[in-house]
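**Q** What follows is a predicted protein model with its sequence.
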Amino acid sequence: MQLPPLNALRSFEATARLMSLSKAGDELHVTHAAVSHQIKHLETWLGRKLLQKSGRGITLTAAGGEYYRAVSGSLAAIAHATGNMRRDHDMRAITVGCIPSIASRWLVPALPSFQDSAPDLDVRIVYARAEERFDDESLDVLITMGEDLSGGRESRLLFSRRNQPVASRHYLAKRNWTIDDVSLTGADLLHDESVDGWKEWFRKAGQKAPEPLRGPIFQDFNMLATAVIAGHGVALCPVEVFRREIERGDLLVLSDIATAENQGYYVISNSWAKKPVRRFIDWFMTECGSGA
C-alpha cells in the first residue's frame with residue numbers, strides 16, 4: 001500500500017478547504033512557507049499539480065479537486081475512528097449534552113450520588129437546545145426533548161412531555177380559589193416562548209381563550225418554572241418533569257387536559273455498549289424513575 005506522507009496530506013487538505021496557505025498554517029500551527037513546502041512535496045510524490053495561482057490567491061486544479069474530495073473524507077474518517085478508539089481505551093470522562101430544564105431539576109441536583117457511586121468517572125455537562133440532534137463528535141450522551149430525535153441511534157424515553165396547567169398553592173390562596181373552582185380564563189397565565197401553548201390548551205379544553213391572551217412570556221423554561229413556583233400565575237408544564245414539586249404539594253395540577261402528548265424527553269447515545277456510558281445512563285434513568 002503506497003501512502004503519501006501524512007503531514008503533506010494534512011497541509012493539502014487544510015489549504016484546499018480554507019483556500020489559503022496562511023490560514024492553513026494558522027490551523028496547523030506552522031508557517032505558510034512550511035505548508036507550501038509540504039504541498040510541493042506532495043505534488044512531487046504524486047507527479048501531479050494540485051494547486052495553481054489565481055490572481056492574488058490560489059485555486060485547485062482539476063486533479064487537485066478530485067484528490068481533495070477523496071482525501072478530506074478519508075482524513076475525517078480517520079479522525080472519527082481515532083477519537084472513538086481513544087475514548088474506548090481510556091474513558092474517564094463522559095460528555096453529556098442536557099437541556100436546562102432537565103439539568104436544573106434532575107441531573108445537577110442528583111450528580112453527587114453518581115460521583116459517589118462512580119468516583120473514577122468525570123461528567124462534563126454542556127448546554128443542549130430542545131430538539132437538538134445528536135453530535136457523535138462532541139457528545140457521549142444527549143438528554144433532549146422532542147419527538148424522534150435519535151437519528152437511528154438507540155434512545156430511551158425519560159419523561160413524557162405531557163403539559164398540564166399547574167400553579168402553586170400560594171397562588172390559589174392569594175386568589176381565594178380551591179383546586180375545584182379555578183377559572184383558567186380568569187387566571188394570570190404564564191407563557192413558554194409564545195402564547196401558542198395556551199391557545200392549544202383552550203382549544204383542546206373546548207373553551208374560548210381570553211382575548212387577548214395576556215401574561216409574561218419567558219424565553220427560557222427555567223424562568224417560567226421560577227415564576228410559577230413563586231406564585232406568579234398558572235403555567236403549562238410537563239408534569240413528569242415537575243413530579244417532585246407536585247408530590248411535595250408545592251405545585252398543584254389544575255386540569256387533566258394536556259398538550260404536547262406526542263412528545264417526550266429522551267436519553268440518546270451512540271455508545272450504549274461502552275460501560276462508563278451505560279453506567280451513567282442506567283444511573284440517571286433510575287434516578288428519574290424511568291428504569292434502565
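**A** That came through, no problem. Residues are numbered from 1 along each chain as shown.

**Q** ok, now which ones touch Glu245?
**A** Ile229, Leu251 (CB atoms under 8 Å, 6 or more residues apart in numbering). Yep, even glycine has a C-beta here, placed from its N, CA and C like the rest.

**Q** And it, its phi and psi?
**A** When read as degrees, to the nearest 10, the backbone of Glu245 gives phi -60, psi -40.

**Q** mind checking how far Leu251 is from Val239?
**A** Using CB to CB, to the nearest Å, Leu251 is found at 9 Å from Val239.

**Q** between these two, which one's more packed in?
**A** Leu251 (23 against 20; other CB atoms under 10 Å).

**Q** Quick one: distance of the lowest-mean-pLDDT helix or strand in the chain to the chain centre.
**A** Lowest on mean pLDDT, DSSP states H and E among the helices and strands of the chain sits helix 62-89, with a mean of 79. Offset of helix 62-89 from its chain centre (CA atoms, centre = their mean, to the nearest Å): 25 Å.

**Q** So which bits of the helix or strand following it are buried?
**A** Toward the C-terminal end, the helix or strand that comes next after helix 62-89 (DSSP states H and E) is strand 93-98. Under the neighbour-count criterion of 16 or more other CB atoms under 10 Å, strand 93-98 has Ile94, Thr95, Val96, Gly97, Cys98 buried.

**Q** again, but for stretch 29-36
**A** Applying 16+ other CB under 10 Å to stretch 29-36 flags Val30, His32, Ala34, Val35, Ser36 as buried.

**Q** can I get the CA coordinates of it in CSV?
**A** C-alpha atoms of stretch 29-36 as CSV (Å, rounded to 0.1, in the frame of the first residue of the first chain):
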residue,chain,number,x,y,z
HIS,A,29,0.4,25.9,13.9
VAL,A,30,3.1,26.1,11.2
THR,A,31,4.2,28.9,8.8
HIS,A,32,2.6,29.3,5.4
ALA,A,33,6.0,28.6,3.9
ALA,A,34,6.1,25.2,5.7
VAL,A,35,2.6,24.4,4.3
SER,A,36,3.7,25.4,0.8
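
**Q** which outside residues touch that stretch?
**A** The contact list for stretch 29-36 (CB under 8 Å, 6+ apart) reads Ser11, Ala14, Thr15, Leu21, Ser22, Ala24, Gly25, Leu28.

**Q** Just give me the neighbour total for the last one.
**A** Just to be clear, that refers to Leu28. 18.

**Q** Can you verify my assumption that it contacts Arg10?
**A** Yes. Using CB atoms under 8 Å, Leu28 is in contact with Arg10, at 6.5 Å.

**Q** any common contacting residues for Leu251 and Val239?
**A** Val166.

**Q** can you tell me how far Met19 sits from Pro112?
**A** According to CB to CB, Met19 and Pro112 sit 50 Å apart.

**Q** before we move on, what about Arg248?
**A** Arg248 is 20 Å from Pro112, by CB to CB.

**Q** try Gly55
**A** 61 Å.

**Q** Please identify which of these two sits among more neighbours.
**A** Taking neighbours as other CB under 10 Å, Gly55 and Pro112 compare with Pro112 leading, 9 against 6.
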